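Colleague: Compute the structure for the input listed below.
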Amino acid sequence: MDDPEVHKKPRQASLEEKSCGDGHDLMSQLSDDLVAKILSFLSSPIDRCNSAAVSKKWLHMLANMQVVDCGNTSNSKCLSGRKVNDIKLARLALRAYHRGSLTTLFVEGMPSSSSVSDYGLEIIAKASPRLKSLTLWDCASVGDMGFKSVGQWCKDLESLDVDNCPLLSDEGLMYIGNHCLNLSKLVVESCRSIGCKSLAVLAKKCLKLTSITLADCLLVRDSGIISLVSSLPELAGMKLAKMKISDSVLEAIAIHGKALRSLYLEKVSGPTVGGYSWVVAKGEQLSCLKLRDCQGFSGDSFKVPVADKFACLDQLEIKGCDFLTDDVLIKLSRSAQSMRILALKSAVGSHLLGSWKLFHTGGRHLRNYH
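Modeller: Sure, this is the predicted structure:
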C-alpha cells in the first residue's frame, strides 16, 4: 500500500512564513525602485512613516539617507553625482515629513544616467508643499509627469531652473505655468522639446516673473519670446543664449521691456546691425548689458546717437565684436559716466586711444576694466 503521505497535497506556506520564515520580509525581495514606487501611493505622512516599521528595506532606506545641506538651513538640500536616484528622493521625502517641508531643492544627475525619474520627483513634490526653489540639471528621465506633480503639489514655487531635461515638453511647463502663479525666476536650458506654447501660458499666467533665461531651446521662436517681453510688466532681467532670433525680438525688448534692467545675449544668431541698434537704444534704462559672440553685432550698431543712452549703465561686457572702433569707445566714455565694470574681449578694431579715453575720461566710477 502506498504511503498516504506521498499523495498528500503540499501545504501552502502561510503569509507569516513567507514574510518572516527566512528572516526577510517580502518587500526586501523587491528592487529599491519598485519599493519607492509602491510607497509613493501612500498619501498620509503617518502611513509613510509607519511603513518603515513593517519593511526592513524601507527602514534601511530611511536610516541610510545621505543628503548634503545647501547653505545654512535644513530646508535646503542638494543631491548630485552618480548616486542620485529616486531612492534618495524618497528618503528625502520621508525626512521632509519629519522635519518640515523643503523650501529649496537642487538635483544634479548625470547626462548619461537615467536614475532620477518622474516617480522620484512626484514623491518629493508631494512631501514638499512649501517648495519655493527647484533646480533640476541633467535629469534625462524626468518628463512632463514629474513636472505636473510639481505644479499640483508645489503651488508656492517661485524659482524653476531646468537644464538638459530632454523629456520635458510644453505640456509639463504649461502645467507649471497654470498652477505656480508666484513664479518669479525661470531658467530653461538645453530642453529641446520646449516651444512657444508653454511660453505663451507663462506670459499669460505668471505675471510675477522678473527673470527669464532661455538657452539652446531649438523649438522656441520669435513669437514665444515676444509674448514674454510684451506681457510681463515686472520683467527686469533676460538672458538669451544659443538661440536663433530675428530683429523683431530685439525691437520688442526695446519697446515693451519697460522694467528691463539687465540684458544678456550670448551666441545668438539672426539679428542684423539694425536689430542690435534697438539694444543700444534701450541702453538708457539698462544697468547691465552683456553681448558675447553674437552674430551680426558690430560697432556699426552704435551709430545711433548714444550721448545719453548709457547714463545708468553699471556693467558692460562686449565679446567678439567686429569693428568696435576708437570712435565708438569715446562715445561710450562720454555716455557711461556711472559705469563700474567694463570688459572688452576679442573686440576687433578697438585701439589704445579709445580704451584710454573710456577709462580715464568717461568711467569716473570704473573699478574693473579688462
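Colleague: show me where the stretch 101-250 of the chain has helices.
Modeller: For the stretch 101-250 of the chain, the helices defined by DSSP state H, counting those that start in this stretch occupy 118-127, 144-153, 170-179, 196-205, 222-231, 247-256.
Colleague: Contacts for the fifth one next, please.
Modeller: With contacts defined as CB atoms under 8 Å, 6 or more residues apart in numbering, helix 222-231 is touched by 195-197, 199-200, 202-204, 207, 209, 212, 214, 235, 238, 240, 245-246, 248-249, 252-253, 256-257, 260. C-beta coordinates here come from the backbone N, C-alpha and C atoms, glycine included.
Colleague: thinking again about what came up before, deepest-packed of the helices of the stretch 101-250 of the chain, please.
Modeller: Compared across the helices of the stretch 101-250 of the chain, helix 118-127 shows the largest average neighbour count, a mean of 25 (mean count of other CB atoms under 10 Å).
Colleague: That one relative to helix 170-179, how many degrees between them?
Modeller: 0 degrees (axes from the mean of the first three to the mean of the last three CA atoms, to 10 degrees).
Colleague: helices or strands next to helix 118-127 in the packing?
Modeller: The contact analysis (3 or more CB pairs under 8 Å, 6 or more residues apart in numbering; DSSP states H and E) places helix 118-127 against helix 32-39, helix 86-99, helix 144-153.
Colleague: Using CSV, list the CA coordinates for that helix.
Modeller: What follows is helix 118-127 as a C-alpha-only set of coordinates in CSV (Å, rounded to 0.1, in the frame of the first residue of the first chain):
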residue,chain,number,x,y,z
ASP,A,118,9.1,61.1,-12.7
TYR,A,119,8.4,58.8,-9.8
GLY,A,120,11.1,60.3,-7.6
LEU,A,121,10.1,63.9,-8.5
GLU,A,122,6.4,63.0,-7.7
ILE,A,123,7.4,61.7,-4.2
ILE,A,124,9.4,64.7,-3.3
ALA,A,125,6.8,67.1,-4.7
LYS,A,126,4.0,65.5,-2.5
ALA,A,127,6.3,65.8,0.5
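Colleague: which residue sits closest to Thr104, ignoring its sequence neighbours?
Modeller: Ser76 (3.8 Å; CB to CB, 6 or more residues apart in numbering).
Colleague: Distance of the one you found relative to Leu105?
Modeller: According to CB to CB, to the nearest Å, Ser76 stands 8 Å off from Leu105.
Colleague: now Ser193
Modeller: Distance from Ser193 to Leu105, by CB to CB: 23 Å.
Colleague: Quick check on these two: which one has the bigger neighbour count.
Modeller: The neighbour count for Ser193 versus Leu105, taken as other CB atoms under 10 Å, is higher for Leu105 (26 against 19).
Colleague: List the contacts of that one.
Modeller: Counted by CB under 8 Å, 6+ apart, Leu105 has contacts Ser76, Lys77, Leu79, Leu92, Ile124, Ser128, Leu131, Ser133, Leu134, Thr135.
Colleague: 6 Å instead?
Modeller: Leu105 sits next to Lys77, Leu134 when contact means CB atoms under 6 Å, 6 or more residues apart in numbering.
Colleague: Next, the closest residue to Glu251 other than its chain neighbours: secondary structure please.
Modeller: Leaving aside its sequence neighbours, Glu251 sits nearest to Trp278 (CB to CB, 6+ apart; 4.9 Å). The three-state assignment at Trp278 reads helix, by DSSP: H, G, I helix; E, B strand; the rest coil.
Colleague: roughly how far apart are Trp278 and His256?
Modeller: Between Trp278 and His256 the distance is 11 Å, computed by CB to CB.
Colleague: what's the answer for Lys155, then?
Modeller: Lys155 sits 28 Å away from His256, going by CB to CB.
Colleague: Then Val142?
Modeller: Taking CB to CB as the measure, Val142 and His256 are separated by 33 Å.
Colleague: how about Cys288, phi and psi?
Modeller: For Cys288, the backbone dihedrals (degrees, to the nearest 10) come out as phi -140, psi 130.
Colleague: Could you do Gly81 as well?
Modeller: phi 100, psi -170.
Colleague: what's the burial count for it?
Modeller: Neighbourhood size, Gly81 [other CB under 10 Å]: 11.
Colleague: mind listing what it touches?
Modeller: No contacts exist for Gly81 under CB under 6 Å, 6+ apart.
Colleague: sorry, back to before: what about the residue nearest to Glu251, how many residues nearby?
Modeller: So Trp278, with other CB under 10 Å, has 20 neighbours.
Colleague: before we move on, back to that, how many other residues sit next to the residue nearest to Thr104?
Modeller: Ser76 has 17 nearby residues by other CB under 10 Å.
Colleague: Can you pull the domain assignment for this structure?
Modeller: The record assigns the chain these domain ranges, following automatic domain parsing: 68-235, 238-370.
Colleague: Lovely, talk soon.
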